[in-house]
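>>> Sequence and computational prediction follow.
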Amino acid sequence: MDKTTNSISNIRVRFAPSPTGYLHIGNARTALFNYLFAQKTKGFLILRIEDTDRERSSGEYEQSIIEDLKWIGIQWDEGPDTDGHFGPYRQTERIEIYKEFAENLLKEKKAYYCYCTKEEIEERNKQSSIEKKAGYDNNCRTLTEQQAGKYIKEGRKPVLRLIVPEKTLVVYDLVRGKVEFNTSLINDFVIMKSDGIPTYHFAVVIDDLLMEISHVIRGEDHLSNTPKHILIYEALGKQTPQFAHMSMTLGSDRSRLSKRHGATSVRAYKEEGYLPEAFFNYISLLGWATGDDKEIFSREELINEFSIEKCSKVNAIFDPKKLLWLNGIYIRKEKPLKIFQASMPFIKQAGILDDVLKQSQETIEKIITLQQERIKTLKDVPALIEFFVKEEIEYKKEDIEKFSEGTIKNMLKNLLNELTNIEFKHEILEDSVRKFCEQNNLKTSDIFHPLRVAVTGRIKGPGLFEAMEVIGKEKVLKRIENFLSY
RNA sequence: GCCCCCAUAGACUAGAGGUUAGGUCACCACUCUUUCAAGGUGGUAGCGCCGGUUCGAGUCCGGCUGGGGGCGCCA
C-alpha cells in the first residue's frame, strides 16, 4: 500500500465512508472509481473514516468496511490503518482541527452562534406560511449581545452556523458539466454541532482541504450539497478541488437500493460465494463503459481503460443476474485449485470437510475440473463435489423407483460384472459400456441414465465416465451393488 | 413545496446530425450431447411524449411527463 514519494502525480482522491453499517454496493462502486482513477493517474487514494455520527458509528463496522474493501481488491495509500502525512484519518480524532477552523470563521464574522432549538425553528416556519421556505430562517445572524447573553444564562448550548452570502455558484462537474446554484435557497447551515462536533459538510471540506484532495469523486446524492461545500471553501479563502458526481446505483424498481431488493452489502456477496474479481468487474460496469463492446476486464485493463469522461450520468440498476453470469465466467477461467481453496469456507459449512480432506490434491483438482462449468458461485461447490468424495451416497426415492424396473436392474447387474474386469479409465469405461449396450440391444441412454444415478445419486452431472474414473473403481462398484439392493 | 441531476429494449450500455440503431445479461428457439452445464447459431424486444432548429434529429433547443437526488445539531 505504500508508494514512494517520487511519484510525479499530485492527484489525490479519497473514499470516505461512515462506519454505520456494512460496505454498501453503491459505496463500493464509488470506492472503486476513486481507486481506478488514482491508479490510472498514478495518484493517491486516501481512506477516511467519517465517524462524526457518534450514535451510529462503530469500530466493528469500520473494521468490516476495511475488510470488504480489501476483499474487492481496493487498496489505499493512506488511511487509519496505514501511515501517512495527512492523518489522523478518522474524523473523531480530528475534532480539535475543526474547532480551530470554526473559531477562525467566528472571529472573522463569517459564522455565528445560533441558540435556536429545533422546536423554535419549526414553530417560526409554521407562522411564516407565506414563504414556504423550509429550514432555518437565519434568525440568530442578527442576534444582539443582550439576547445571546440571555440564552447563555438559560444554559443553551449553541451551534455554529455559516453566513451564506447571496450569489450564484457554479460547479464545474467532471461528469455533469456546468451546474448552477443560487445560494438564496440555502439557509445559514450548521457547521459545528452544539456538542462541539463538526457537521458532515464542515468536516468534509476541512479534511479534503488539509489532506490536499485534488478530485472529489462521490455519488450524485452530494451534488446538491456541493454549493454548501464551495461556500465553506470560499469562507476559508481556499480553492475548491475538482468535483465529479457519479450516477447512483438503484434497485430493480429504480428506487434506492435497499433490503427490499435483496442483498445490498458487499459482505453478503462475499458470503454468497462470489469471486472478488467478478464483483470488481461487475460494479465497474455500472455507469461506466468503454467505446467498444468489451465487458470482461482484468484489474489492470480496468485501470488502464478507466476515465471519468466515460462515466455515465444515468443512474444504474444493480442486476444480480448479470453479476451471477459474470461470476460464472470468472469461475470457469480460474484454476481448479484456486476455486477449491476459495470454496473451503463453504465446504466446511456444508459439513463435508473430512471427506474432502481424504482426497489427494490431484483428485480434488480433477473433481473441480469436471464440475467447473456448473459452478455459479462458490456456494455451489459442496453440493457439486459431495458425491465424489463421500464414501456412501443416498438415493432419492423417485430415482430408485424410476430405475427399479426388473430388466434395468438385470442389465446393471450384468454390467457390474463387466466393470469388475476393466481398468477405470474413462475411455475404456465408455468403450466397454457402449459395447455392452450394443451386445444387449440397448439404447445407450437406457443404461447411461440408471448408471449415472447408481454411481452419483443424481440425474445430472458431468460426463459419466469421467466421473466414474475419478470416483474410482472400488467406490463405483460398491455403489452399483448398493443401488441394486433397493 | 422549492432547487439540482437524468431519460436508447425488462436490465447494463455503444452512439458526440445522415447507422438496416451495435454489444452484453435475462428470455425463447435451434444446435452440440449420455444428462445437466458450458459452448455455438438464431430470435423476441429499444431511442418516454409534444413542439422547434435543420434538406435530414436517438443525437441540438424548449416544454411536458417520468425517475433519481437534495433542502437535518445524518453522513
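That came through, no problem. Numbers count the residues shown, from 1 in each chain, chains lettered A, B, ... in the order given.
>>> quick check, stretch A:203-222 touching RNA strand B?
Yes - against RNA strand B, stretch A:203-222 shows contacts by Cβ under 7 Å from any atom of the strand at A:220-222. Just so you know, the C-beta spots here come from the backbone N, C-alpha and C atoms, and that holds for glycine as well.
>>> Can you mark which positions in that stretch are buried?
A:203-209, A:211, A:213-220, A:222 (16 or more other Cβ atoms under 10 Å).
>>> just the CA coordinates of stretch A:461-469, formatted as PDB?
Output in PDB follows, covering the C-alpha atoms of stretch A:461-469 (Å, rounded to 0.1, in the frame of the first residue of the first chain):
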ATOM      1  CA  GLY A 461     -23.800 -34.000 -13.700                       C
ATOM      2  CA  PRO A 462     -20.500 -34.100 -15.500                       C
ATOM      3  CA  GLY A 463     -19.600 -36.700 -18.100                       C
ATOM      4  CA  LEU A 464     -20.500 -40.100 -16.700                       C
ATOM      5  CA  PHE A 465     -17.300 -41.900 -17.500                       C
ATOM      6  CA  GLU A 466     -15.000 -39.100 -16.400                       C
ATOM      7  CA  ALA A 467     -16.900 -39.100 -13.100                       C
ATOM      8  CA  MET A 468     -16.600 -42.800 -12.700                       C
ATOM      9  CA  GLU A 469     -12.900 -42.600 -13.300                       C
END
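>>> Let's see which of the residues of stretch A:203-222 next to RNA strand B end up in strands.
With strands defined by DSSP state E, no entry of these lies inside them.
>>> export those residues to JSON lines and tack on pLDDT?
Below are these laid out as JSON lines (pLDDT from 0 to 100):
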{"residue": "A:220", "pLDDT": "96"}
{"residue": "A:221", "pLDDT": "96"}
{"residue": "A:222", "pLDDT": "97"}
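>>> Name the next helix or strand downstream of the helix or strand encompassing residue A:148, please.
Using DSSP states H and E, residue A:148 sits in helix A:145-153. The helix or strand immediately downstream of helix A:145-153 is strand A:159-162, counting by DSSP H and E.
>>> Return the list of strands paired to that next one, each annotated with direction.
strand A:111-114 (antiparallel), strand A:190-192 (antiparallel) (DSSP bridges).
>>> Need the winner for burial among those.
Counting by mean count of other Cβ atoms under 10 Å, strand A:190-192 has the highest mean neighbour count of the strands paired with strand A:159-162, with a mean of 24.
>>> Run the chain-centre distance for that one.
Relative to its chain's centre, strand A:190-192 lies at 32 Å (Cα atoms, centre = their mean, to the nearest Å).
>>> Now look at that strand and say if it contacts RNA strand B.
Yes - with Cβ under 7 Å from any atom of the strand as the criterion, RNA strand B is reached by strand A:190-192 at residue A:190.
>>> which other helices and strands contact the next helix or strand after that strand?
Beyond strand A:190-192 in the direction of the C-terminus, DSSP H and E gives the next helix or strand as helix A:200-210. Contact here means 3 or more Cβ pairs under 8 Å, 6 or more residues apart in numbering; DSSP states H and E; on that basis helix A:200-210 packs against helix A:95-107, strand A:190-192, helix A:226-235.
>>> could the ones you listed be laid out in a markdown table, adding mean pLDDT?
Below are those laid out as a markdown table (pLDDT from 0 to 100):
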| stretch | mean pLDDT |
| --- | --- |
| helix A:95-107 | 96 |
| strand A:190-192 | 96 |
| helix A:226-235 | 97 |
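>>> which of the ones you listed is buried the deepest?
strand A:190-192 (a mean of 24).
>>> Show me the contact partners of that strand.
A:98-99, A:102, A:105, A:111, A:114, A:159-162, A:198-199, A:201-202, A:232 (Cβ atoms under 8 Å, 6 or more residues apart in numbering).
>>> let's go with 7 Å and repeat that
A:102, A:111, A:159-162, A:198-199, A:201-202 (Cβ atoms under 7 Å, 6 or more residues apart in numbering).
>>> And for stretch A:145-156?
With contact meaning Cβ under 7 Å, 6+ apart, stretch A:145-156 is reached by A:113, A:115.
>>> is RNA strand B contacted by it?
No - for a cut-off given as Cβ under 7 Å from any atom of the strand, stretch A:145-156 has no contacts with RNA strand B; the smallest distance is 7.6 Å.
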